[in-house]
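Peer 1: curious how this folds, go ahead:
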Amino acid sequence: MTKRSATITTNLQWAQMVSRLIAEACQVDQERLFAEAKLSSGAWQQLTRVDQNDITALWKAADRLGAPPDIGLDVLEHFHFRTLGPLAFKMMVATTFRQSIIEALHQVSLVSEAWQYALSEQGNLAVMSFKLANPRMEITHHSYDAFISACSRTMQDCFPGENYRFAEIWFAHPDYGLRKKYEQLLGCACKFNSSSYAICIESRVLDLPLPSADPILYESLDSRLKHQALNLKNLSASIETAILSLIDSGLIPSRKTIADKLGMGERTLLRRLQDEDITYKEIQEQVFEKLALHWLKRNESMNYIAEKLGYSDAASFRKMLKRRTGLSIRELRASLLE
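Peer 2: Model prediction:
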């Protein structure tokens, strides 16, 4: 079996907000939305991070359900800076706006693996550009609109005043005849059909001292965020990698074997996972689900897959997949063929 890369994920709180706003915009309940996207809404409630591909499936479902092309802008009404938690307050107490932006982009890239960010200066503009971490990953323009809207709302909430308004926003997609609406809601000039997505402010703003700067509080929040990001990224990813490594070797992963492979006791592993509000079972089932879909697409038998993943019988494995995806094996195979 070919080794797989780590799942590209995003924060669950963000994913849940996206699902709510899509359901409202399409005037359907979330069960209908998830059914249209061929996702299990119940399985989402057990996660701490969500596969970015699932977010794309929701946006595509929105298109099929008749959502307007600017639905991503609805994030402006649903998002609040407190959603960012300690990061929002760390941004506000940074010494300069440049420090605030750089630290925010770095922190977001640690928590959400889907995006890569960069800050550059082009003439009189400071350009915050972002792109997919995996260029081959399928995504819709709604995700870009949603992220830009969240950034705009954060700026409005955390940095009131004309100094910190966006100068321009660049979109790689067309304006869909809605340029005036984009500019009115986002509060600045918008350029469409650009070569990249980017948020721009005047360069002079970067080194302005923030009136709310508090170096002591900044350091405290910085330590807290680094600890959270380190645990979330390293432990979950290490467990996923260890599970895949054991399966590649023909071994059946368990909490004990994974703990041994990571060089820690089983109780220590469980305690650290509890601190992060995620279970070993959830991480293992995420990996099993991805592998199962891969093998189903190769038309492998259920008995083969169940045996490879250590299930006592195919029926138990079917039950797990049904619980996580909301689909039968026949429906899963049909969706993969589509």
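Peer 1: starting at the chain centroid, how far to stretch 18-33?
Peer 2: A distance of 18 Å separates the centroid of the chain from that of stretch 18-33, by CA atoms, centre = their mean, to the nearest Å.
Peer 1: what are the buried residues along it?
Peer 2: 18-19, 21-26, 28, 30, 33 (16 or more other CB atoms under 10 Å). Every C-beta, even on glycine, is put in place using the N, C-alpha and C of the backbone.
Peer 1: just name the lowest-scoring one in those, pLDDT-wise.
Peer 2: Lowest in pLDDT among the buried residues of stretch 18-33 is residue 30, which has 88.
Peer 1: quick one: low-confidence ranges for the stretch 101-250 of the chain?
Peer 2: 109-114, 227-234 (pLDDT under 70).
Peer 1: sorry, back to before: mind picking the two most distant members of the buried residues of stretch 18-33?
Peer 2: 18 and 28 (14.3 Å; CB to CB).
Peer 1: just the strands in the stretch 1-150 of the chain please.
Peer 2: 9-11, 49-51, 115-122, 125-132 (DSSP state E, counting those that start in this stretch).
Peer 1: export those to TSV and tack on distance to residue 91 and mean neighbour count?
Peer 2: Formatted as TSV, the strands of the stretch 1-150 of the chain follow (distance: least, CB to CB, whole Å; neighbours: other CB atoms under 10 Å):
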stretch	distance to residue 91	mean neighbour count
strand 9-11	16	21
strand 49-51	22	23
strand 115-122	14	14
strand 125-132	13	19
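Peer 1: would you list those in JSON lines and tack on distance to residue 279?
Peer 2: Formatted as JSON lines, the strands of the stretch 1-150 of the chain follow (distance: least, CB to CB, whole Å):
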{"stretch": "strand 9-11", "distance to residue 279": "16"}
{"stretch": "strand 49-51", "distance to residue 279": "13"}
{"stretch": "strand 115-122", "distance to residue 279": "27"}
{"stretch": "strand 125-132", "distance to residue 279": "29"}
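Peer 1: so which of these comes closest to residue 304?
Peer 2: Residue 304 lies closest to strand 49-51 among those, at 24.0 Å (CB to CB).
Peer 1: just the buried residues of stretch 18-33 now: which is nearest residue 252?
Peer 2: In terms of CB to CB, no member of those lies closer to residue 252 than residue 19, at 34.3 Å.
Peer 1: list the contacts for that closest one?
Peer 2: 30, 33-34, 41, 44, 58 (CB atoms under 8 Å, 6 or more residues apart in numbering).
Peer 1: reformat the residues you listed as CSV; add distance to residue 289.
Peer 2: Converted to CSV, the contacts of residue 19 look like this (distance: CB to CB, whole Å):
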residue, distance to residue 289
30, 20
33, 20
34, 15
41, 15
44, 13
58, 17
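Peer 1: tell me which of these fall in helices.
Peer 2: Among those, the members falling in helices are 30, 33-34, 41, 44, 58 (criterion: DSSP state H).
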